[in-house]
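In: no FASTA, just this:
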């Protein structure tokens, strides 16, 4: 017997151990699934992928959940798993909440590709619109609106109407996001959708208002009149809206303000200071948006900066600089976007940017576009105070490996020399040192900048002399040209050589002796370095590039016009024109043929006396003075960099067009300001009416005690709102009652006066009672005897009257409390 019991205990213990092991393994597996990071689902070999269909058809929720997680992981990796659509749709009505969420995510991805199979589960989606869980209701509407089949448009409209009136703001947000989908599917529902949008605009929850702005922009972007009653509430709710909802709402309010509100007007005060008159509703938007400068979302900060740039007065523009500069260190992508937008407004906020130019210094790891934008910004903030530091920065950037950055840096040095006269000598020293560089890009850009500086300075000197003044002695433009001419052999880049040749020919004419000691030498009427340049280039004419040959031919013609009698210049011209006549480039041949015909009046034998191939084409022959005008006068001067006026860019700042350079459908194109805005009363709502409690004054407590209980019940104290009727059940104010008090001091003054008047009346009544006391004593005794007989009969009536009075008093108190 003992052995039997031992065997039974052993068997039971083994069974218990196996059950515990199975239970522990299952719980451990569930725990691993719950606590797993999801990385295991990203490693899906083909065996597990093939097993997904079996898991979806399994009766175990654990298997279905694991299969759905693997499907979502495959979708995140970009793999097409639409082959499992039929198996997934079967689980749309699963009782497991996690499985249903993943099924909805899957259906959102592939409902458009498989609309026929998705239609099979519409009944389930409609049932889920009444689910107690708001997350299920919202996801059901998302999937239902994601099935892009026009035949179910009416069903989706009913679902949107139902969810737009849902008690959950999350479901109402999903309804707002579903409106653009059904509108793009079938625009015939636009009138009904506008009504739903009007209903959603009244929503007090900040969670859904951003999505309503998206729906408004998609369905009825021109119906800004629908926002009149909601404008002020939207401005006040702005700070509580979610981040991306703030961006959409700000863009909508910017368009509303440009169309419906008046523009800030400049007004001069008596003290001479300039002030801007800003409409109260526009100021409300600016005040409500300003705290969002502290947002962590760069898109929100950029949207607020857009509000201040396009709506605020110029005095508020400095507020947008520091928040934008703060975003430069968020990420490289954000940095590029912010710098591109700062370039657009750099001319407007240059004074503020100049104080923080250290944020804009170029780093070695910056991208190419970021470097370019930083150079442009640094160039725009140059002034007399910071030019030494910026000049050193630009000189350092000129050694960069990026050719575009080198060109921009050298051009920025020339810009500093133009706008800051004190820096001219330092800039020229840097530019002349660049000419000795071994890199063609540096030399070419330095020569181009020197050319523009020389042209601008010579024109300035000529204008000063024409006005009777003395030119500046900072630097001599002709001295720069002479130094460039002597280094023509060191310049190897064709563009730089052509630039120097043009300078030599354009300013080869000698000028009279001036105070700086310049005196002409060499051939008469020609600078001494010009013929030497022509001699060097004539030797290497055949090896030069085409655009250098063109400038050499022009130089030869100019020198011949300046001194036709010089034999050396004549021989050089004959040699150069002969080479150009048989050049392989037809542009060079045409230039030589044109100039030889032009110089027929200066030197008829430009090709030589024994040249039988020369033909007289006839026509008008110009004199030397006329040819000189043709060759030297009317040359275009270098154009100064003028910042584009950003006032009429129609909202490019802060939009996608600032990055892409062209307008797209998603950009908010801002209309022009109206001369006069709409009436401010259109934006009045019930929330804007001030609710000040008014206190109805009645007689004092002393007077009520004298008058007795009946009088106190006849005139109760009732608290009512200003301009509104008394509450239901309360007694109307008597004609003799005083008006509502708005000043507490005045209320106490009137109370003291009424108390004094009541005291004086009470003293008079006491004196009259003392006089009549003796005469009425006997009458009272007689009346007392007669009243004794009547007291018994009147007792019942008094009881009834007291009961009626108490009932009336209770009903009156109940009406007042209502």
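Out: Noted; the coordinates are in hand. From a predicted model like this one, the values you see are computed outputs, not experimental measurements.

In: in which helix or strand does residue 267 reside?
Out: strand 265-268 (DSSP states H and E).

In: please compute how far that strand lies from its chain's middle.
Out: In this view, strand 265-268 has its centroid 27 Å away from the chain centroid, taken as Cα atoms, centre = their mean, to the nearest Å.

In: residues in contact with it?
Out: Identification of contacts with strand 265-268 by Cβ atoms under 8 Å, 6 or more residues apart in numbering yields 274-277. All C-beta spots, glycine's among them, are computed from the backbone N, C-alpha and C.

In: try 10 Å this time
Out: Here strand 265-268 makes contact (Cβ atoms under 10 Å, 6 or more residues apart in numbering) with 273-279, 313-314.

In: name every strand pairing with that strand and say which way it goes.
Out: strand 274-277 (antiparallel) (DSSP bridges).

In: just checking, what packs against the helix or strand following the partner strand?
Out: The C-terminal neighbour of strand 274-277 among helices and strands, as given by DSSP H and E, is helix 280-289. Where contact means 3 or more Cβ pairs under 10 Å, 6 or more residues apart in numbering; DSSP states H and E, helix 280-289 is packed against helix 231-237, helix 243-260, helix 298-311.

In: return the set of buried residues in helix 280-289.
Out: 281-286, 288-289 (16 or more other Cβ atoms under 10 Å).

In: dump those residues to CSV, plus distance to residue 111 and pLDDT.
Out: Output for these, formatted as CSV (distance: Cβ to Cβ, whole Å; pLDDT from 0 to 100):
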residue, distance to residue 111, pLDDT
281, 43, 91
282, 44, 92
283, 47, 93
284, 43, 93
285, 40, 94
286, 43, 93
288, 39, 94
289, 38, 94
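
In: hang on, the earlier thing: average pLDDT for the strand holding residue 267?
Out: Confidence for strand 265-268, expressed as mean pLDDT, is 77.

In: which residue is the nearest non-sequential neighbour of the residue nearest the centre of the chain?
Out: Centroid-nearest residue in the chain, with Cα atoms, centre = their mean: residue 303, separated by 3.0 Å. Spatial nearest neighbour of residue 303, excluding adjacent residues (Cβ to Cβ, 6 or more residues apart in numbering): residue 250 at 4.3 Å.

In: tabulate the helices and strands packed on helix 280-289 (CSV), appending mean pLDDT.
Out: Shown next, in CSV, are the helices and strands packed on helix 280-289 (pLDDT from 0 to 100):
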stretch, mean pLDDT
helix 231-237, 92
helix 243-260, 92
helix 298-311, 94
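
In: now the ones you listed as CSV including distance to residue 96?
Out: What follows is the helices and strands packed on helix 280-289, written out as CSV (distance: least, Cβ to Cβ, whole Å):
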stretch, distance to residue 96
helix 231-237, 38
helix 243-260, 31
helix 298-311, 37
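
In: re the thing from before, what residues does the residue nearest to residue 303 make contact with?
Out: Residue 250 touches 210, 213, 234, 238, 241, 285, 288-289, 292, 299-300, 302-304, 306-307, 654, 668, counting by Cβ under 10 Å, 6+ apart.

In: residue 124 too?
Out: 89, 92-93, 100, 103, 140, 143-144.

In: from the residues you listed, which land in helices?
Out: Judged by DSSP state H, the subset of the contacts of residue 124 located in helices is 89, 100, 103, 140, 143-144.

In: closest to residue 589 out of those?
Out: Closest approach to residue 589 among the ones in helices among the contacts of residue 124 (Cβ to Cβ): residue 143, at 74.2 Å.

In: just give the closest residue to that closest one, not the sequence neighbours.
Out: Counting by Cβ to Cβ, 6+ apart, residue 107 is the residue found nearest to residue 143 once chain neighbours are left out, at 4.8 Å.

In: give me the number of residues near that neighbour?
Out: Number of residues near residue 107 (other Cβ atoms under 10 Å) recorded here: 26.

In: my understanding was that it contacts residue 119; is that so?
Out: No: Residue 107 is beyond contact range of residue 119, at 11.6 Å (criterion: Cβ atoms under 10 Å).

In: of the contacts of strand 265-268, buried ones?
Out: Neighbour counting with 16+ other Cβ under 10 Å marks 278-279, 313 as buried within these.

In: return the member of the residues you listed nearest to residue 487.
Out: residue 313 (53.9 Å).

In: and the nearest residue to the closest one once chain neighbours are set aside, what is it in contact with?
Out: Nearest non-adjacent residue to residue 313, counting by Cβ to Cβ, 6+ apart: residue 276, 3.6 Å away. Counting by Cβ under 10 Å, 6+ apart, residue 276 makes contact with 263-267, 312-316.

In: what's the closest of the residues you listed to residue 548?
Out: Of the contacts of residue 276, the one sitting nearest to residue 548 (Cβ to Cβ) turns out to be residue 314, at 49.8 Å.

In: identify the contacts common to residue 107 and residue 119.
Out: Residues touching both residue 107 and residue 119 (Cβ under 10 Å, 6+ apart): 89, 147.

In: any idea how many residues pack against the residue lying closest to residue 285 once chain neighbours are set aside?
Out: Among residues not flanking residue 285 along the chain, residue 235 sits closest, at 5.1 Å (Cβ to Cβ, 6+ apart). Per other Cβ under 10 Å, the neighbour tally for residue 235 reads 22.

In: buried stuff in stretch 193-208?
Out: 193-194, 196-198, 200-201, 203, 206-208.

In: kindly reformat those residues as a markdown table containing pLDDT, secondary structure and distance to residue 62.
Out: Shown next, in a markdown table, are these (pLDDT from 0 to 100; DSSP: H, G, I helix; E, B strand; the rest coil; distance: Cβ to Cβ, whole Å):
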| residue | pLDDT | secondary structure | distance to residue 62 |
| --- | --- | --- | --- |
| 193 | 93 | helix | 43 |
| 194 | 94 | helix | 48 |
| 196 | 94 | helix | 41 |
| 197 | 94 | helix | 44 |
| 198 | 93 | helix | 47 |
| 200 | 93 | helix | 40 |
| 201 | 93 | helix | 46 |
| 203 | 89 | coil | 40 |
| 206 | 91 | helix | 40 |
| 207 | 91 | helix | 34 |
| 208 | 91 | helix | 36 |
